[in-house]
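> With the input below, show me the fold.
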Amino acid sequence: MATQTPSSIFTQGGSLAAFVLKNGTLITAANNMTNANKTHTSSMSSSTTIAPTKTVDKEDTRIFSIILIAMYIPFLLVAAIGNITVIVVRLKKFMQHGLSAYKQQICHLSIADIIYAAAIPLDIYQRVNKKHWIENNAVCKVLTTTLSASLTASLSILTLMAFERYQGISNPLAHRWSTKKVCLLVAVIWGYSYVNFIPYTMALEVRDDACYDWTYPHPEFGKWYTLYQFLSAWLLPVVLIALFQLGMVLKLVTHRKTIKSSTYRAPGPADGKSRGGNRRRPKRKMIKILVVIVTLFATLTLPIHIWYLWYEFSDRSETQKYSLEVLEIFASLVYMHSAVNPIIYSIMDRSFREDVKLMLGLKSRKKESLRLHVLNGATQESFEH
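Numbering: from 1, shown residues only. Alright, predicted model coming up:
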């Protein structure tokens, strides 16, 4: 009963009843799954009876599916084009001048977002063809687990970025992460993400044209596994990120007070501002970008986590009173997270905008070289490190 993949074609988040429309009747897979667990524990036949819970007008369902597809297509385009652009721009920069650890982690974050966005065209395909699952058990396990792991990896990479920035601000002279170190840490994150879903993967199975986590070792296992996923894959990373960001802000405030109280201030550039001020501005900008990214990620993924917990720890007959549209909206919010980061970079990161213009030929290399020459060394170093 994992809580990571809200795609209607896979598991609707794993544990929460994926709603299957058959013959105009809205059927909850929760009943099917509950019956399957009872059958499993009592060593009876594995066949289950699905009880219809709510009749849905086919026309209303078709209209709602069209609305969702209309929403998903922009999400997919922005996620694919935006994240690929981020990766290409950063890799090009890396080949030319090297790349900071922070921006390398941005590339890894974009890769995780692209993997998760891969669920969108599959969801659209299923809706158009009015099918639920067309592949075998192996694809069910590998694909669904990978999509779930990518969501956990995204938040874990954001946690790593916050920790790396905190170290960079706390001890800038000694701090410098190599490319090898960044890749090793990201590999550990992906390994942890997959290991975290081993029970979920083992429970995944295709039955009645549906890929779900049907059975767990114990009837109560799914409830506590859902709580564990929320605590370990959402709450703990968000709390750690908040603490690292708070630490960064306190370090910058302390540094600012130290400079103000100093009896000597090094001459600044022509605008009269100190070199220390120039050095801090890019760091503050990176903190702001990270805060916005994490805030949006947490906001877009929290509603579906709350739904899962409510479903698992309350009377399921109460949660089943609510319509399919509520769950679909929450799933759409999770899809949206894979598309928002490139937009954030475009709005808040001037260096990224300039690099994109340069790659697209909208800006000459001569002007870009002049811009980099005008920037003082301290500011440029802060952007890259």
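
> all contacts plus neighbour counts: C-alpha atoms, from now on.
OK.

> where in the stretch 1-150 of the chain is pLDDT low?
1-60, 130-135 (pLDDT under 70).

> tell me the strands in it, going along the chain?
Assigned by DSSP state E, counting those that start in this stretch, the strands in the stretch 1-150 of the chain fall at 19-22, 25-28, 52-55.

> for the stretch 201-350 of the chain, same thing?
Counting by DSSP E, counting those that start in this stretch, the strands of the stretch 201-350 of the chain are 204-207, 210-213.

> Now the last one: buried residues?
I take that to be strand 210-213. Buried residues in strand 210-213, counted by 16 or more other Cα atoms under 10 Å: A210, C211, Y212, D213.

> Going by contacts, tell me the helices and strands next to it.
Judged by 3 or more Cα pairs under 8 Å, 6 or more residues apart in numbering; DSSP states H and E, the packing partners of strand 210-213 are helix 198-203, strand 204-207.

> re the thing from before, let me have the strands of the stretch 201-350 of the chain in CSV, adding distance to T258 and mean pLDDT as columns.
Putting these into CSV (distance: least, Cα to Cα, whole Å; pLDDT from 0 to 100) gives the following:
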stretch, distance to T258, mean pLDDT
strand 204-207, 57, 88
strand 210-213, 56, 84
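
> what's the most buried one of the helices and strands packed on strand 210-213?
Ranked by mean neighbour count, these are led by strand 204-207 with a mean of 20 (mean count of other Cα atoms under 10 Å).

> residues in contact with that one?
W133, N136, N137, C140, K141, C211, Y212, D213, W214, T215 (Cα atoms under 8 Å, 6 or more residues apart in numbering).

> Number of residues surrounding Y72?
19 (other Cα atoms under 10 Å).

> From A79, how far out is it?
According to Cα to Cα, to the nearest Å, Y72 and A79 sit 10 Å apart.

> can you check T85 too?
10 Å.

> out of those two, which sits in the busier spot?
Neighbours per residue, other Cα under 10 Å: of T85 and A79, the larger number sits with A79, 29 against 17.

> Tell me the pLDDT of the nearest residue to T159 once chain neighbours are set aside.
Of all residues not flanking T159 in the chain, I241 sits nearest, at 5.4 Å (Cα to Cα, 6 or more residues apart in numbering). pLDDT recorded at I241 is 97.

> residues in contact with I241?
Each residue near I241 by Cα under 8 Å, 6+ apart is listed here: L158, T159, A162, F163.

> swap in I63?
Applying Cα under 8 Å, 6+ apart, no residues contact I63.

> mind checking which of the strands of the stretch 201-350 of the chain is nearest R353?
strand 210-213 (41.5 Å; Cα to Cα).

> that older thread, and the helices and strands packed on strand 210-213 as a markdown table, adding distance to I189?
Output for those, formatted as a markdown table (distance: least, Cα to Cα, whole Å):
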| stretch | distance to I189 |
| --- | --- |
| helix 198-203 | 15 |
| strand 204-207 | 22 |
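
> Out of these, flag the one nearest M336.
Closest of the helices and strands packed on strand 210-213 to M336 is helix 198-203, at 23.8 Å (criterion: Cα to Cα).

> for the record, mean pLDDT for that closest one?
For helix 198-203, the per-residue pLDDT averages 94.

> same check, this time on stretch 154-162
Stretch 154-162 shows a mean pLDDT of 97 in the predicted model.

> hmm, who's touching that stretch?
For stretch 154-162, the surrounding residues in contact (Cα under 8 Å, 6+ apart) are 102, 105, 108-109, 112-113, 186, 189, 233-234, 237-238, 240-241, 244-245, 290, 294, 297.

> Kindly export it (C-alpha atoms) in CSV.
Presented in CSV, the C-alpha positions along stretch 154-162 are these (Å, rounded to 0.1, in the frame of the first residue of the first chain):
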residue,chain,number,x,y,z
SER,A,154,13.4,13.8,-6.2
LEU,A,155,12.8,14.9,-2.7
SER,A,156,15.9,13.1,-1.5
ILE,A,157,18.0,15.0,-4.1
LEU,A,158,16.4,18.3,-2.9
THR,A,159,17.5,17.3,0.6
LEU,A,160,21.0,16.7,-0.7
MET,A,161,21.0,20.1,-2.4
ALA,A,162,20.0,21.8,0.8
